[in-house]
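> no sequence on this one, just coordinates:
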């Protein structure tokens, strides 16, 4: 295969190419400069409200989905609980919302972690977290 260079361009030295590859791999592992399916950090999407109108922070905790979609799932989950569509006392039982499996966390876990509910679909996970004052 013949490589043609633009006028004035020079080939990179092999050491630079290796370094560039290492940097590219490091950036993709940290979630910078590339799309990584296994994110190290949660993606903050904004503030939503529980069925009891308690403010919560909505985060994409694992995988990739747009914040608009995450906020819609959480809003529709709260609306389903208000409408009485979730089983269990207080609507904590699992419910399917727009193809997502959503469920509230038990009070002891909520008090320990701040996690209010979780919605999962495939390998993506959306978490609603109790807002700190």
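It's in. Owing to the predicted nature of the structure, the values given are computational and were not obtained by experimental measurement.

> please report how far residue 49 lies from residue 78.
Distance of residue 49 to residue 78, given as Cβ to Cβ, to the nearest Å: 6 Å. (Each C-beta comes from the backbone N, C-alpha and C, glycine too.)

> look at these two and report which has more neighbours.
residue 78 (24 against 15; other Cβ atoms under 10 Å).

> secondary structure element holding that one?
Here residue 78 sits within helix 67-82, counting by DSSP states H and E.

> now the element after that helix, going C-ward?
strand 95-97.

> and that next one, what does it pack against?
With contacts taken as 3 or more Cβ pairs under 8 Å, 6 or more residues apart in numbering; DSSP states H and E, strand 95-97 sits against helix 67-82, strand 100-104.

> and these, which is most packed in?
Stretch with highest mean neighbour count among those: strand 100-104 (a mean of 20; mean count of other Cβ atoms under 10 Å).

> walk me through which strands it pairs with, and which way each runs.
Here strand 100-104 has these sheet partners by DSSP bridges: strand 95-97 (antiparallel), strand 115-121 (antiparallel).

> for residue 82, which of those is the nearest?
Closest to residue 82 of these, according to Cβ to Cβ: strand 95-97, at 11.8 Å.

> tell me which residues of the closest one come out buried.
Within strand 95-97, the residues that qualify as buried are 95, 97, counting by 16 or more other Cβ atoms under 10 Å.

> cool, and stretch 59-67?
Residues of stretch 59-67 classed as buried: 59-63, 65 (neighbour count, 16+ other Cβ under 10 Å).

> other residues contacting it?
Under the criterion Cβ atoms under 8 Å, 6 or more residues apart in numbering, residues 35, 37-39, 42-46, 58, 70, 118, 121-127, 129 lie in contact with stretch 59-67.

> repeat the analysis, applying 10 Å as the threshold.
Applying Cβ atoms under 10 Å, 6 or more residues apart in numbering, the external contacts of stretch 59-67 come out as 35-39, 41-46, 58, 69-70, 72-74, 100, 115, 118-129.
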